[in-house]
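> The sequence isn't on hand, but the structure is:
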Ligand code: UT7
């Protein structure tokens with residue numbers, strides 16, 4: 001039996017930073033409100049010419065370098081994104097071209113904030129079934145391009161960035177267990193209304209701002225904690241582990257109050273919860289990818305560490321993945 005393992009991690013954050021003070025000049029908000037209600041202080045903003053693929057590229061190159069692999073070694077590329085370059089071709093195809101990888105399998109996953117976890121689990125299945133050997137998984141988002149900069153209830157929340165993981169096959173089980181779920185009945189709580197086949201783009205949709213994220217934050221908040229706790233507990237149970245076995249939780253970074261409530265219910269102390277929401281805001285699929293990468297860079301993940309990823313987002317979709325670092 002061959003098992004999938006993470007061999008290298010990478011990240012990329014575009015250089016431009018937008019502070020809460022900058023936002024005070026754009027909408028009726030305050031640093032105090034944003035900090036206390038969300039935990040966010042700054043977020044990175046992609047440039048006009050950037051897209052999901054251009055942010056994914058440097059993150060992918062770093063992950064490949066750290067894995068000791070070349071693009072030619074890849075036989076699968078998955079990009080998790082809700083801000084793809086285009087509806088099609090997939091962002092994974094653009095990334096394959098930029099990397100000059102072989103003409104391998106490429107596809108995108110649209111699972112919002114849980115996208116990176118969904119993509120890791122998909123790559124794991126394809127590696128452990130023997131179909132592929134080396135996979136590149138990227139969570140890349142340019143959320144600020146689908147943000148309504150007149151809507152203070154959403155524009156203070158989002159940021160841009162990318163996180164990447166290279167998976168290879170190994171002899172020890174590392175991705176121990178996962179718990180993924182979805183419930184479309186809550187779809188209206190967080191969505192991009194137009195631009196798809198249901199409401200194609202038109203002058204009307206542009207005028208009515210239907211190409212920007214719409215969110216019922218308060219209702220989502222109430223669901224987020226319970227769903228993230230259940231997902232993590234279910235994944236841990238499948239691995240025959242308890243929350244006391246967890247060395248580090250790298251959660252989706254939507255709101256510090258959500259993360260703190262999840263950590264408290266899982267009885268995890270502060271030192272076991274990786275936080276970067278203050279610097280980056282909510283980067284959807286890139287959030288848990290960058291959190292995992294930075295937890296590793298900062299030495300919080302070592303050999304045999306039990307790492308838990310946990311995310312929740314539009315769909316609704318959620319997912320948790322338990323990893324024993326090898
Ligand atoms: O990525 C995964 C999915 N996303 C989430 O899980 C997000 C979950 N939701 C949240 O994180 C929070 O609900 C938010 C941060 C989005 C909002 O925080 P909240 O504590 O739920 O605030 P609220 O929406 O209940 O609004 C409270 C007040 C309202 O004023 P009134 O009606 O009480 O007078 C809002 O108009 O805060 C006002 N408000 C703001 N005030 C200053 C909303 N946005 C802002 C703002 N600055 N940016």
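Nice, I can see it. Small disclaimer: the values here were computed from a predicted structure and weren't measured.
> for residue 133, phi and psi?
phi -110, psi -50 (degrees, to the nearest 10).
> Who are the contact partners of it?
75, 127, 168-169 (C-beta atoms under 8 Å, 6 or more residues apart in numbering). Quick note: C-beta positions are derived from backbone N, CA and C, even for glycine.
> how about JSON lines for those, with distance to the ligand and neighbour count added?
Output for the contacts of residue 133, formatted as JSON lines (distance: C-beta to the nearest ligand atom, whole Å; neighbours: other C-beta atoms under 10 Å):
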{"residue": "75", "distance to the ligand": "31", "neighbour count": "17"}
{"residue": "127", "distance to the ligand": "28", "neighbour count": "24"}
{"residue": "168", "distance to the ligand": "30", "neighbour count": "21"}
{"residue": "169", "distance to the ligand": "32", "neighbour count": "18"}
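> how about TSV for those, with distance to residue 7 and secondary structure added?
TSV is the format used below for the contacts of residue 133 (distance: C-beta to C-beta, whole Å; DSSP: H, G, I helix; E, B strand; the rest coil):
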residue	distance to residue 7	secondary structure
75	14	coil
127	11	helix
168	5	strand
169	10	strand
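> Check the gap between the residue of the chain at minimum distance from the ligand and residue 69 for me.
Residue nearest to the ligand within the chain: residue 217 (2.7 Å; C-beta to the nearest ligand atom). As judged by C-beta to C-beta, to the nearest Å, residue 217 and residue 69 stand 40 Å apart.
> List just the nearest of the contacts of residue 133 to residue 200.
Each of these was checked against residue 200 using C-beta to C-beta; the closest is residue 75, at 35.7 Å.
> so where do the strands sit in the stretch 151-300 of the chain?
In the stretch 151-300 of the chain, the strands defined using DSSP state E, counting those that start in this stretch lie at 160-170, 175-182, 190-191, 214-215, 248-251.
> give the contact list for the residue of the chain closest to the ligand.
Applying C-beta under 8 Å, 6+ apart, we find residue 217 in contact with 153-154, 157.
> What residues does this protein have near the ligand?
29, 33-34, 37-38, 113, 152-153, 156, 190, 217-218, 220-221, 224, 254-255, 282, 312-313 (C-beta under 6 Å from any ligand atom).
> Buried ones among these?
Buried members of the residues of the chain next to the ligand, scored by 16 or more other C-beta atoms under 10 Å, are 29, 34, 37-38, 113, 152, 156, 190, 217, 220, 224, 254-255, 282, 312-313.
> In terms of pLDDT, where does the residue nearest the centre of the chain sit?
Most central in the chain under C-alpha atoms, centre = their mean is residue 285, positioned 2.2 Å from the mean C-alpha point. Model confidence at residue 285, given as pLDDT, is 98.
> That one and residue 21, how far apart?
28 Å.
> same question, residue 127
46 Å.
> all helices for the stretch 1-150 of the chain, in order.
20-24, 31-38, 52-67, 91-99, 115-128 (DSSP state H, counting those that start in this stretch).
> would you turn those into TSV with mean pLDDT?
Below are the helices of the stretch 1-150 of the chain laid out as TSV (pLDDT from 0 to 100):
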stretch	mean pLDDT
helix 20-24	98
helix 31-38	98
helix 52-67	98
helix 91-99	98
helix 115-128	98
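> Count the neighbours of the spatially closest residue to residue 186 that is not a sequence neighbour for me.
If the residues on either side of it in the chain are set aside, residue 186 comes closest to residue 316, at 4.5 Å by C-beta to C-beta, 6 or more residues apart in numbering. Residues lying near residue 316 (other C-beta atoms under 10 Å) number 22.
> Wait, a strand at residue 320?
Yes: per DSSP: H, G, I helix; E, B strand; the rest coil, residue 320 lies within a strand segment.
> my guess is it meets residue 175, correct?
No: in this structure, residue 320 is not within contact of residue 175 by C-beta atoms under 8 Å, at 11.7 Å.
> out of the two, which sits in the busier spot?
When residue 320 and residue 175 are compared for neighbours, residue 320 comes out ahead with 31 against 24, by other C-beta under 10 Å.
> Now do the same contact list for that one.
117, 178-179, 228, 231-232, 234-236, 308-311.
> follow-up on the earlier one: surely the residue nearest to residue 186 touches residue 224?
No: if you go by C-beta under 8 Å, residue 316 and residue 224 don't touch, sitting 9.1 Å apart.
> ok, residue 131 to residue 171 distance?
Distance of residue 131 to residue 171, given as C-beta to C-beta: 18 Å.
> no wait, residue 17
Distance, residue 17 to residue 171, by C-beta to C-beta: 43 Å.
> the more surrounded of those two?
Taking other C-beta under 10 Å, residue 17 and residue 171 do not tie; residue 17 has more neighbours (15 against 10).
> give me the beta-bridge partners of the more buried one?
For residue 17, the beta-bridge partners are residue 44 (DSSP bridges).
> residues of stretch 264-275 that come out buried?
Residues of stretch 264-275 classed as buried by neighbour count (16+ other C-beta under 10 Å): 265-266, 268, 272-275.
> Just the ones of the residues you listed in helices?
Cross-referencing the buried residues of stretch 264-275 against helices under DSSP state H gives residue 265.
> I'd like the buried residues of stretch 264-275 laid out as TSV, including pLDDT and distance to residue 200.
Formatted as TSV, these follow (pLDDT from 0 to 100; distance: C-beta to C-beta, whole Å):
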residue	pLDDT	distance to residue 200
265	97	42
266	98	43
268	98	45
272	98	46
273	98	42
274	98	40
275	98	40
